[in-house]
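Asker: mind folding the following:
(one chain, ligands or ions: 1)
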Amino acid sequence: MKRRTFIKKSAVTGFSIGLGAMGLLTASCRESYPFDLVLKGALILDGSGNEGIRADVAIKDGKIAALGKLKDASARRSVDLSGLVLAPGFIDVHTHSESKLLVNPKAESKIRQGVTTEILGQDGDSFHPEEFSSEFQKYENAGIAVNIASTVGQGTIRKVVMGMTDRAATPAEIAKMRSLAGVALRQGALGISSGLEYTPGGFASTQEITELCKVMQGSQGLYATHMRNEDDKLVEAVTEAVAIARGANIGLHISHLKCQGRRNWHKLPEVFALIAAFQRADGSVTMDRYPYVAYSTGLSSLMPLWSREGGTGKFIERLKSPETETRIKQATLKKIALLGSWDSVMITSVNLEKNKSMQGKTVARIVGESKQDAYEFVRSLIIEEENQVSMVGFGMNEDNTKQILAHPFCMPASDGSALATYGPLNQGNPHPRSYGTFPRVLGKYVREEKIVSLPEMIRKMTSLPATRFSLAGRGHIAEGFMADLVAFDPEKVRDKATYSQPHQYPEGIEWVIVNGDVVVEHSEHSGKLPGRVLRGSVEAVV
Ligand SMILES: [Zn+2]
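Answerer: Numbers count the residues shown, from 1 in each chain. This is a model prediction of the structure:
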């Protein structure tokens, strides 16, 4: 008998069949199972912040279909999760994975942290506002391991309308920006992001940004901002962010909240008070923060904004010109004084092969070896590398970091991207947060430092971001919700990535499920790409 005929026959007549044919029969048997997958015996933290319950979770067609005692439930597959905590998948609300997910769709460094959704388009920099649909399509066509969503960048919008120029926008230009934002929102952007320490977004006035954000007024769309300043002018910057949200009648989300520089560490209570006052006045504020005391950026961020206007070519001209160079040096040394010293600046990635040995070393250490002047070294490195140099700056305070991470309206977020320990994404010394953020919060800050309870932190990683960014049907373990799930060992979970050896996956994240499909199994990637694009539905008022 031909195999196909045999299978057909046995399926029809209900013959009991040998193990060898089982695999071939899966498709015809699928219908007969009430569930696709049952996860048994875990302690469930459902995302609400409530204490855990021991229960089984059944999944059907990508959704949570049942919850409770399901010992005898029949399913295509059942997995024993005894000893593990099962939580909704973590939502990373500030990420830079745009290009990375197209290089490696497996999202290795994120999915292995338990992240099931990434929100792109941060710091004012996003897809072209008129191309969200086609950009989203690229990811859907290629397949991705995690879900993605995106905000539209105010910097990107301004660049489309005005180029890189540093001047006030005219009313006609503002109207054009609003209409572009409207296009992006209609194509699924969740809100508008800004990066006011960067060009050209930082050239916009408070009023210009408020007028732009009015395109979302009265809707659930929000303004997510990398504020104009995070150090000496921090309080002024928070005040501006609140004014924009209030003026446009929308929610505010502060990206990577921090008090940068030793002399600003005491400002946190004042910042919290501003936030609380806005909440009381019926506004809404949330924030995010990565669990590290060093930030990561381009080395050029040590130089003043005006010196970088007009792009890399002009910036390098100014670094070479004797008239401008002195002013740049003065401003740079001021920034170093704020950080503390050149010991606080670590070079993390360069482009040129001959400079690679500098990666992972502080500027103080590099110039100590060569007896060079530190500023002069940084200036010539930027010129030589054509500004392709990244750094981390150790400027934050540990106690502030704990208070921010513990704040009930703060969600942990990586500000990193989906990298991998192999291939083209295994390059340089990126900030370890791309690999370690969520396990580090669970290991260091919850298990060891006990800044908040585990159920509360899970809430801050799941339902809080899902609600805030209007990701319907996600962020909870409940019937009818999408089956984005993570199972981890609460005693073992920890980050392993360090500043000098960042390309290391964490430990203790054992199972990760996205839209009902198992992507991480016994801490290994299954190769599955079940992620989807999550489009927002913000009503734009152009
Ligand atoms: Zn940022």
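
Asker: how about the contacts made by the closest residue to Val389 other than its chain neighbours?
Answerer: When the adjacent residues along the chain are set aside, Val389 lies closest to Leu299, with 4.0 Å between them (Cβ to Cβ, 6 or more residues apart in numbering). Where you see a C-beta, it was placed from the backbone N, CA and C, and this is true even at glycine. Shown here is Leu299, whose contacts under the criterion Cβ atoms under 8 Å, 6 or more residues apart in numbering are Val345, Ile347, Val378, Leu381, Ile382, Asn387, Val389, Ser390, Met391.

Asker: also Lys496?
Answerer: Contacts here follow Cβ under 8 Å, 6+ apart; on that basis Lys496 touches Tyr435, Gly436, Gln504, Tyr505, Pro506, Glu507.

Asker: so which of the residues you listed wins on neighbours?
Answerer: Across these, neighbour numbers were computed from other Cβ atoms under 10 Å; Tyr435 holds the maximum, 31 neighbours.

Asker: and the gap between the spatially closest residue to it that is not a sequence neighbour and Trp511?
Answerer: Here the nearest residue to Tyr435 in space, its sequence neighbours aside, is Ala497; by Cβ to Cβ, 6+ apart that works out to 3.7 Å. Taken as Cβ to Cβ, to the nearest Å, the spacing of Ala497 relative to Trp511 amounts to 21 Å.

Asker: quick one: which of those two has more around it?
Answerer: Under the neighbour definition other Cβ under 10 Å, Ala497 and Trp511 were set side by side, and Ala497 has more, 27 against 21.

Asker: wasn't that one part of a helix?
Answerer: No - with DSSP: H, G, I helix; E, B strand; the rest coil as the criterion, Ala497 is coil rather than part of a helix.

Asker: touching, it and Pro432? I think so.
Answerer: Yes - because the distance of 3.5 Å satisfies Cβ atoms under 8 Å, Ala497 is recorded as touching Pro432.

Asker: average pLDDT across stretch 519-528?
Answerer: Across stretch 519-528, the average pLDDT comes to 98.

Asker: now do stretch 387-394
Answerer: Stretch 387-394 comes out with an average pLDDT of 92.

Asker: just the pLDDT for the closest residue to the ion within the chain.
Answerer: Relative to the ion, the nearest point of the chain is His226 (3.5 Å; Cβ to the ion). On pLDDT, His226 comes in at 98.

Asker: do the same with Ser500
Answerer: Confidence score, pLDDT, at Ser500: 74.

Asker: now the closest residue to it other than its chain neighbours: phi and psi?
Answerer: Counting by Cβ to Cβ, 6+ apart, the nearest residue to Ser500 once its immediate chain neighbours are dropped is Gly360, at 4.3 Å. With angles defined as degrees, to the nearest 10, Gly360 sits at phi 90, psi 0.

Asker: what lines up beside the lengthiest strand in the chain in the sheet?
Answerer: Ranked by residue count and defined by DSSP state E, the top strand of the chain is strand 35-44. Strand 35-44 pairs in its sheet with strand 53-60 (antiparallel), strand 75-80 (parallel), strand 85-88 (parallel), by DSSP bridges.

Asker: tell me which of those sits most buried.
Answerer: Per-stretch averages of neighbours, counted by mean count of other Cβ atoms under 10 Å, single out strand 85-88 among these, with a mean of 27.

Asker: list of residues touching it?
Answerer: Contact with strand 85-88 is made by 39, 42-47, 52, 57, 114, 116, 454, 458, 461-463, 466, 474-477, 481, 484-490, as judged by Cβ under 8 Å, 6+ apart.

Asker: counting by contacts, list what the host helix or strand of Met177 packs against.
Answerer: Taking DSSP states H and E as the criterion, the element that holds Met177 is helix 171-186. Helices and strands touching helix 171-186, as assessed by 3 or more Cβ pairs under 8 Å, 6 or more residues apart in numbering; DSSP states H and E, comprise strand 152-153, helix 154-162, helix 206-213.

Asker: now it: average pLDDT?
Answerer: Model confidence over helix 171-186 averages 98 on the pLDDT scale.

Asker: in it, what's buried?
Answerer: When burial is assessed from 16 or more other Cβ atoms under 10 Å, helix 171-186 yields the following buried residues: Ile174, Lys176, Met177, Arg178, Ser179, Leu180, Ala181, Gly182, Val183, Ala184, Leu185, Arg186.

Asker: all strands of the stretch 101-250 of the chain, in order?
Answerer: Secondary structure of the stretch 101-250 of the chain, counting by DSSP state E, counting those that start in this stretch: strands at 115-120, 147-150, 152-153, 191-195, 222-226.

Asker: need the ones you listed in TSV with mean neighbour count, can you?
Answerer: TSV is the format used below for the strands of the stretch 101-250 of the chain (neighbours: other Cβ atoms under 10 Å):
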stretch	mean neighbour count
strand 115-120	29
strand 147-150	26
strand 152-153	30
strand 191-195	29
strand 222-226	27
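
Asker: out of those, which comes closest to Arg532?
Answerer: Comparing the strands of the stretch 101-250 of the chain by their distance to Arg532 (Cβ to Cβ), the top pick is strand 147-150, with 5.2 Å.

Asker: which residues touch that closest one?
Answerer: Around strand 147-150, the neighbours that count as contacts under Cβ under 8 Å, 6+ apart are 97, 101, 116-121, 126-127, 132, 136, 139, 188-190, 469, 471, 474, 484, 514-515, 531-536.

Asker: measure how far it is from the centre of its chain, please.
Answerer: The offset between the C-alpha centroid of strand 147-150 and the centroid of the whole chain comes to 10 Å, using Cα atoms, centre = their mean, to the nearest Å.

Asker: i'd like the first residue to be 31 from this point on
Answerer: Done: numbering now begins at 31, and the last item shifts to strand 177-180.

Asker: how about the CA coordinates for it, as PDB?
Answerer: Presented in PDB, the C-alpha positions along strand 177-180 are these (Å, rounded to 0.1, in the frame of the first residue of the first chain):
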ATOM      1  CA  ASN A 177       5.800  41.400  18.300                       C
ATOM      2  CA  ILE A 178       6.600  45.000  17.300                       C
ATOM      3  CA  ALA A 179       4.900  48.300  17.500                       C
ATOM      4  CA  SER A 180       6.200  51.800  16.900                       C
END
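
Asker: counting contacts, what elements does the longest helix along the chain pack onto?
Answerer: Among the segments of the chain that qualify as a helix by DSSP state H, the longest is helix 352-369. In this structure, helix 352-369 makes packing contacts with helix 335-338, helix 342-350, helix 404-414, judged by 3+ Cβ pairs under 8 Å, 6+ apart.

Asker: do that again at 7 Å, thanks
Answerer: Contacting helix 352-369 under the criterion 3 or more Cβ pairs under 7 Å, 6 or more residues apart in numbering; DSSP states H and E are the following elements: helix 342-350, helix 404-414.

Asker: residues of that helix that come out buried?
Answerer: With burial defined by 16+ other Cβ under 10 Å, the residues of helix 352-369 counted as buried are Thr354, Ile358, Lys359, Thr362, Lys365, Ile366, Leu368, Leu369.

Asker: contacting residues for Ser326?
Answerer: By Cβ atoms under 7 Å, 6 or more residues apart in numbering, the contact set of Ser326 is Thr378, Ser420, Val422, His461.

Asker: doesn't Gln389 make contact with the first one?
Answerer: I take that to be Thr378. Yes - distance between Thr378 and Gln389: 6.2 Å, which falls inside the contact criterion (Cβ atoms under 7 Å).
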